[in-house]
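> Predicted model and sequence follow; I will ask about them next.
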Amino acid sequence: MNKKIVKNISSLLLAGTLALSSSLASAAAILVVDEGGRLSSGGWTDLFENTFGDTLTVINSWGGAPTDMSAFDVVWDGGFLSNPGVAVAQNVINFVNGGGGFYGQTERPCCETHNDWVQSIFIELTGDTAMMFGGAGDSPSNATGTFLTPDTTILVGPNDIRNTTFDIDAPGQLFVSDPAKVFAAQVAADGFNIGVAYATSDLVNNAGRIVTISDIDWLSGISSDEALALENIRSFLLAGESLPPGCGQNPNLPECQNPGIPMPEPSTLAVLALGLFGFRMASRKKS
């Protein structure tokens, strides 16, 4: 076979391998608990399915959530009134300790039942016992939500969303001990913190990632800026380490120090094998 043709075939195979790998890596399996119907009716599910290419499992109550959520990459809470209970909270904690990403929805003090439930999950995972969601304050400002300016991952990847705004309607204050975890606020004299995020290294068991933004209304009707912010939050949650069994609870074990790289899908391996074969043939022809 002509050396130039072999080289071109090899390059195409490699490009196909990288594209397929990128596509598989970008698609996520997300459990969506849409208790109030705000996500499905507000365009959230369309954005995640049609733009991000994710596979969504949408349920309307935490009562329908599986005990073992490890089949999902992200669990997204769209509730704001219910208290799903201690057992379900523990299932979420186990999911995050296994490397999963959790978005917990918080609200103003109208919804303290659900706020307390999300707060209990965040306290367990972060160890911040002074944390308070909702009950720390009730929307003293009419200011919009603003993503702040610290150069943190959730604000700059893949989009730079610093200083962009999002629509909120009567959020509750989020109080946390470490201000570095705050990535969104009402920027006004009487405003307060309304968004916090914790990366893997911020969590007690060194596994998973968690995010909350106060006020479900920001997900009802999504602007172009809000879509960019949701893409960042999604990417942040997907970047939580997937640790070997037992490493969420015991990250200092020797086998947990250098977690293995997840195996690609079989289809990815097949295309990669073809690409490598093409390179090998080109090398042989050259020699």
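Noted; the coordinates are in hand. Residues are numbered from 1 along each chain as shown.

> now the helices for the stretch 101-250 of the chain?
Applying DSSP state H, counting those that start in this stretch to the stretch 101-250 of the chain gives helices spanning 112-126, 153-156, 224-238.

> hey, least reliable of those by pLDDT?
Note on these: helix 153-156 shows the lowest mean pLDDT, a mean of 94.

> Mind listing what's buried along that one?
For helix 153-156, the neighbour count (16 or more other C-beta atoms under 10 Å) marks 154-155 as buried. Bear in mind the C-beta positions are built from the backbone N, C-alpha and C, glycine included.

> Would you mind pulling up the elements that that helix packs against?
When contacts are defined as 3 or more C-beta pairs under 8 Å, 6 or more residues apart in numbering; DSSP states H and E, helix 153-156 packs onto helix 224-238.

> Now do the helix it packs on: distance to the chain's middle.
Centroid separation for helix 224-238 versus its chain: 8 Å, with C-alpha atoms, centre = their mean, to the nearest Å.

> Counting neighbours, show which residues of it come out buried.
Neighbour-count burial for helix 224-238 [16+ other C-beta under 10 Å]: 226, 228-238.

> What of stretch 37-56?
Here stretch 37-56 shows 38-40, 42-45, 47-48, 52, 54, 56 as buried, counting by 16+ other C-beta under 10 Å.

> Export those to a markdown table and append columns for pLDDT, secondary structure and distance to Pro66.
Output for those, formatted as a markdown table (pLDDT from 0 to 100; DSSP: H, G, I helix; E, B strand; the rest coil; distance: C-beta to C-beta, whole Å):
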| residue | pLDDT | secondary structure | distance to Pro66 |
| --- | --- | --- | --- |
| Arg38 | 92 | helix | 22 |
| Leu39 | 95 | helix | 19 |
| Ser40 | 92 | helix | 20 |
| Gly42 | 87 | coil | 25 |
| Gly43 | 93 | coil | 26 |
| Trp44 | 96 | helix | 21 |
| Thr45 | 96 | helix | 19 |
| Leu47 | 97 | helix | 24 |
| Phe48 | 98 | helix | 19 |
| Phe52 | 97 | coil | 22 |
| Asp54 | 98 | coil | 18 |
| Leu56 | 98 | strand | 15 |
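
> Could you export the residues you listed as TSV, including distance to Asp215?
Compiled in TSV, these are given as follows (distance: C-beta to C-beta, whole Å):
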residue	distance to Asp215
Arg38	11
Leu39	14
Ser40	18
Gly42	13
Gly43	16
Trp44	14
Thr45	19
Leu47	18
Phe48	19
Phe52	22
Asp54	23
Leu56	22
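
> Can I get stretch 56-69 as CSV, trimmed to CA atoms?
In CSV, the C-alpha atoms belonging to stretch 56-69 read as follows (Å, rounded to 0.1, in the frame of the first residue of the first chain):
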residue,chain,number,x,y,z
LEU,A,56,-31.4,11.4,31.8
THR,A,57,-33.5,9.2,34.1
VAL,A,58,-36.2,11.6,35.4
ILE,A,59,-38.3,10.7,38.4
ASN,A,60,-40.8,12.9,40.2
SER,A,61,-40.0,11.8,43.8
TRP,A,62,-37.0,10.8,45.8
GLY,A,63,-39.1,7.8,46.8
GLY,A,64,-38.4,6.4,43.3
ALA,A,65,-34.6,6.8,43.6
PRO,A,66,-32.6,3.5,43.7
THR,A,67,-30.7,2.7,46.9
ASP,A,68,-27.6,2.2,44.9
MET,A,69,-27.0,5.2,42.6
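
> Fine, thanks again, bye for now.
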